[in-house]
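Peer 1: Take this sequence and fold it.
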Amino acid sequence: MSSLGRWWWLIGLVALGWLLHQLLPILPPFLIAALLAYMGGPLVSRLEHVGLPRTLGVLLVFSVFFLSCLLILLVLVPLLGKQLMGLYQLTPKVIDWLQTVALPWLQSEFGLEEGFWRLDQLRDTLMSHLGSTTDTLRTLLSRLTASGLAILIWFGNALLVPVVGFYLMRDWDSMLLKLQALLPRRREAYITDLVRECHEVLGAFLRGQLLVMLALAIIYAIGLNLVGLNLGLLIGILSGLASIVPYMGFVVGIAAALLAALFQFGLDLYPLLGVVAVFAVGQALEGVLLTPWLVGDRIGLHPVAVIFAILAGGQLFGFTGVLLALPVAAVIMVLLRHIHEFYKLSHLYADPSDQSGH
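Peer 2: Numbers count the residues shown, from 1 in each chain. Have a look, this model is predicted:
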């Protein structure tokens, strides 16, 4: 490629980045729809292989997905709302325990000054707001109602997701073939291999790890509710979501569940052992059954890469950056792997003793 050609490529990439930055406010519904199409595409293809028309397969997959979302809204949201209120009311008790038990011990052990933590002010603030929760919700609702344009935009975006997702899922294979036909003929095989590697990394993580997260959330929520923990559903779901990074869901979940069990049951040994047993069973199932079955030995993203990608995407581009974080991280990881291979074949890496004439 000539020097002028490289400059044109660089200018094109800069212009594309500037355009994407300008379009950030309208990108989220399209990105969510693309994610739905990417996740549901293989299932639609399987239905098509058994003789079902692709359009009918897309309608079937979308129907199952939206019925599942509706069931979650009707069943889980009210339960989670009650548990969130319970957590809100439990917070002052936790602050009291920290101020009267845990923090005095830390102060005596580490020689901290008296009143170093100032948690009494935080507790008084929370207590003063507990009674005004309904007033706060009423004020928030009135403000949302007053901003009719914002509600219309949000509602329009919510309707846009299934419409765009339907067309993307229906035409996914044909769009990929058309994009492949646009590739330079000399570089088509190489670019196709790169895209295939990115697809393996991202597909292994999204389809595999997200299913593992869902399974762990169900296991933890059911197990903690069987133990009798009042916040079992909330902690179970949060633990499953935190499992996007391996072992983080276990650490966060067991710590939160043990703390909630201490405040609910006191020092009763059996509920505490029950909490430990629930998370031990969840980890055993994840290691022996869930991860080998749902993820297998496909290449996944490193946990540190996942954390950094999500935080960096959110910091740079907000919610749109969070949606783009994992796909971009998968592409970067594949490109870095190829750059590493090129580097090891280059003269910079070669042993001087292997070079002729030295």
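
Peer 1: who's in contact with stretch 179-193?
Peer 2: Around stretch 179-193, nothing counts as a contact under Cβ atoms under 8 Å, 6 or more residues apart in numbering. For glycine as for every other residue, the C-beta is placed from the backbone atoms N, C-alpha and C.

Peer 1: Quick check: end-to-end length of that stretch?
Peer 2: Length of stretch 179-193, first residue to last, Cα to Cα, to the nearest Å: 14 Å.

Peer 1: Let me see the mean pLDDT of that stretch.
Peer 2: Per-region confidence: stretch 179-193 scores 84 on mean pLDDT.

Peer 1: Skipping adjacent residues, who's closest to the most centrally placed residue in the chain in space?
Peer 2: When the chain is reduced to its mean C-alpha position, the nearest residue by Cα atoms, centre = their mean turns out to be Ile244, at 6.1 Å. Closest residue to Ile244 apart from its sequence neighbours, by Cβ to Cβ, 6 or more residues apart in numbering: Met213 at 6.0 Å.

Peer 1: Give the full set of residues in contact with the residue nearest to the centre of the chain.
Peer 2: Contact partners of Ile244, counting by Cβ under 8 Å, 6+ apart, are 209-210, 213, 306.

Peer 1: how about 7 Å then?
Peer 2: Each residue near Ile244 by Cβ atoms under 7 Å, 6 or more residues apart in numbering is listed here: 209, 213, 306.

Peer 1: Determine the set of other helices and strands touching the helix or strand in which the second one is found.
Peer 2: What it means is Met213. Element membership of Met213, judged by DSSP states H and E, is helix 210-227. With contacts taken as 3 or more Cβ pairs under 7 Å, 6 or more residues apart in numbering; DSSP states H and E, helix 210-227 sits against helix 232-242, helix 248-265, helix 269-285.

Peer 1: ok, then the element right after the last one?
Peer 2: This means helix 269-285. The helix or strand immediately downstream of helix 269-285 is helix 303-345, counting by DSSP H and E.

Peer 1: now the angle from that following helix to helix 248-265?
Peer 2: Taking axes from the mean of the first three to the mean of the last three Cα atoms, to 10 degrees, helix 303-345 and helix 248-265 form an angle of 170 degrees between their directions.

Peer 1: all helices in the stretch 51-200 of the chain, in order from the N-terminus.
Peer 2: Taking DSSP state H, counting those that start in this stretch to define them, one finds helices in the stretch 51-200 of the chain at 54-97, 103-110, 119-130, 133-146, 148-170, 172-181, 188-203.

Peer 1: Good, wrapping up.
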